[in-house]
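Trainee: below are the sequence and a predicted model; questions follow.
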Amino acid sequence: MITVENLTKSFQGVSALNGVTLDVEAGTVLGVVGPSGAGKSTLARCVALLERPDSGAIRVDGTDITALDGSALRAARRQIGVVPQGDSLLRQRTAAGNIALPLESAGVPGPQRRSRVGELLDLVGLTDKAAAYPDQLSGGQRQRIAVARALAANPSVLLADEPTSALDPETTGSVLTVLDRARAELGVTVLVVTHDMGVVRKICDDVAVLEQGRVVEHGKVLDLVGEAGSRTSSALLPAVDLNPINESSYDRVADVVLVGFAAVGALLPEASHRFGVELNIVGGGLTRLGETPVARFRLGLNGERSDSALEWIGEAGGAVQRSLKGPQGVAA
Amino acid sequence: MRSATPWPDVVGYLVEATGETLYMVGVSTVIATAFGVPLGVWLQLTAKGGLRPNPAAHRVLGFITDLGRSMPFIVLLVALTSVTRLIVGGSIGSTAVIVPLAVGAIPFVGRLVQNILSEVHVTVVEAAVTTGASTLRIVRSVLIRESLPALINAIGVTVIALIGYSAMAGVIGGGGLGDLAIREGYQRFNDRILWSTVAWLAVLTTLIQLGFTRAARASDRRRHASV
């Protein structure tokens, strides 16, 4: 696992990181998102040990790695596999040769190196491209080779800096799949720095939102989407107010977020049945975060026990975000 | 006006002078490469944004390098006489020319190499840094290997430049093709020798250039591997 504690960094008096604190549990994927200039790249470069923070600590499995030098620094770098932003492969080496680079640095002998490279090519699904040079690969394939290279020396942490920024949606999917497999099959802790909320939607367990060098939101994606007004929910959930509705035709109007198959499928009909209320979905929709279906609906309710129905939905695991009409703050 | 030198004699002159030129240029290229490449690597490593930035050291060595490059070769040739005597035990002849040729070429190669190495994209270098590679390994496997085709071409450029410089070798009795053209051809009004030497120099430099271009291409993996 990796923890970032109170990291600060400034360049010529301009502060880029302003006390960033994060933690990523072992075997999970954290997405660090935020607008340009929020400090994402600086954070990534600090974690990649390419930039030394002014203060604070970065701990991998408990050990602070920010103050190391020489061979200890090189050994620490092997603990953190890095997929850099942009094209980073050696153009004079084959795909297999590129993946072997960290193993050469680590002094792994030839035969072991070859078998490890074979495993990694298999992991990223490019076994048939072992002898191809980067110029003969597509952007997505090159990025998958970069992921394989980052994983070669068995790091405990994988850092990907904007791994999909130069790719089209289809190849983005293939790169994200590879990152997800790395976590699932190798148990690597993954930190993805990205401006693309689609990356968070597809593979992240946790998310941290960076703004002006500070973490303004940090937690599990599925928890944060249920929090009214969170940046994560507004970025990831379907919009509820696309169609103007006639509020006067309902006793109550409220937004709810439902997470998981059971909640999305059964909660609303159940509530309607239990409390004898008429329950209409008047806005919003369904989406998927990773493997989990998540819905945000705007509901229009009619019936005497509408408030009770909303309360019950809240207790049963739905997040009733706000009542637009009727008593506010029915349930959290 | 004498009768023209017979062709077999012209060929004889050319063969001998070619041997002298190739000897002087060949040995000095090897020496210039042996010192110039590390100089270029060092300049690049210590440059701003390099792997071991060191502005003061970079400026000092950069200044010396540029001073060396700005020195006219003919000046170097005579100025280094005592150094040459110290190193090769004499100050005339082909071997004595090698010293100033090599000394003149080292800063030339150094700057060429630094320029070439600076073209290796910073992302690629940093990616290697993050793998935990040592600086020496990055220099070898990344900086030099990635720019090998350009480096080979640069050595080719150096050889051609040194052939040009070596024309002045006659000043200290070094011989060679340039000397042949000037002393036997121009100063003795022997047009046949002058023009055959000029033609042969053109052929020779073209062949050398061709050879280096081929070698550079052969070292470039980007072109010719099949998927």
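Mentor: Thanks, I have the structure now.

Trainee: residues in chain A within reach of chain B, list them.
Mentor: A:48-50, A:74-78, A:80-82, A:84-94, A:101-102, A:104-106, A:129, A:131-133, A:135-136, A:146, A:149-150, A:152-153 (CB under 8 Å from any CB of the partner chain). The C-beta positions use only the backbone N, C-alpha and C, and glycine is treated the same way.

Trainee: out of those, which end up buried?
Mentor: Those of the residues of chain A next to chain B that meet the buried threshold are A:48-50, A:74, A:76-78, A:80-82, A:84-94, A:101-102, A:104-106, A:129, A:132-133, A:136, A:146, A:149-150, A:152-153, by 16 or more other CB atoms under 10 Å in any protein chain shown.

Trainee: what segments of chain B are helices?
Mentor: Remark: helices assigned in chain B by DSSP state H are B:7-46, B:55-70, B:73-79, B:81-88, B:94-117, B:122-130, B:135-137, B:145-146, B:148-165, B:177-179, B:191-219.

Trainee: out of those, which gets nearest to chain A?
Mentor: Chain A sits nearest to helix B:122-130 of all the helices of chain B, at 3.7 Å, using CB to the nearest CB.

Trainee: which other residues reach that closest one?
Mentor: With contacts defined as CB atoms under 8 Å, 6 or more residues apart in numbering or on different chains, helix B:122-130 is touched by A:48-50, A:77, A:80-82, A:84-91, A:101, A:146, A:149-150, B:49, B:51, B:137-138, B:141-143, B:146.

Trainee: out of the residues you listed, name the ones that lie in strands.
Mentor: Applying DSSP state E to the contacts of helix B:122-130, the entries found in strands are A:80-82.

Trainee: list just the nearest of these to chain B.
Mentor: Among the ones in strands among the contacts of helix B:122-130, residue A:82 lies closest to chain B (CB to the nearest CB), at 3.9 Å.

Trainee: is the closest one in a bridge, and if so with what?
Mentor: Beta bridges link residue A:82 to residue A:159, judged by DSSP bridges.

Trainee: pLDDT at it, what is it?
Mentor: At residue A:82, the predicted lDDT confidence score is 96.

Trainee: so who does it touch?
Mentor: With contacts defined as CB under 8 Å, 6+ apart, residue A:82 is in contact with A:48, A:150, A:158-161, B:127, B:130.

Trainee: let's see that with 7 Å instead.
Mentor: When the contact criterion is CB atoms under 7 Å, 6 or more residues apart in numbering or on different chains, the partners of residue A:82 are A:48, A:150, A:159, B:130.

Trainee: same deal with residue A:80?
Mentor: A:47-49, A:60, A:155, A:157, A:159.

Trainee: tell me the secondary structure at residue A:128.
Mentor: Three-state call for residue A:128 (DSSP: H, G, I helix; E, B strand; the rest coil): helix.

Trainee: tally of neighbours for it?
Mentor: Residues near residue A:128, counting by other CB atoms under 10 Å in any protein chain shown, number 10.

Trainee: can you tell me the closest non-neighbouring residue to residue A:140?
Mentor: Distance criterion CB to CB, 6 or more residues apart in numbering or on different chains; nearest residue to residue A:140, sequence neighbours excluded, is residue A:171 at 2.9 Å.

Trainee: what do you get for residue B:31?
Mentor: residue B:102 (3.9 Å).
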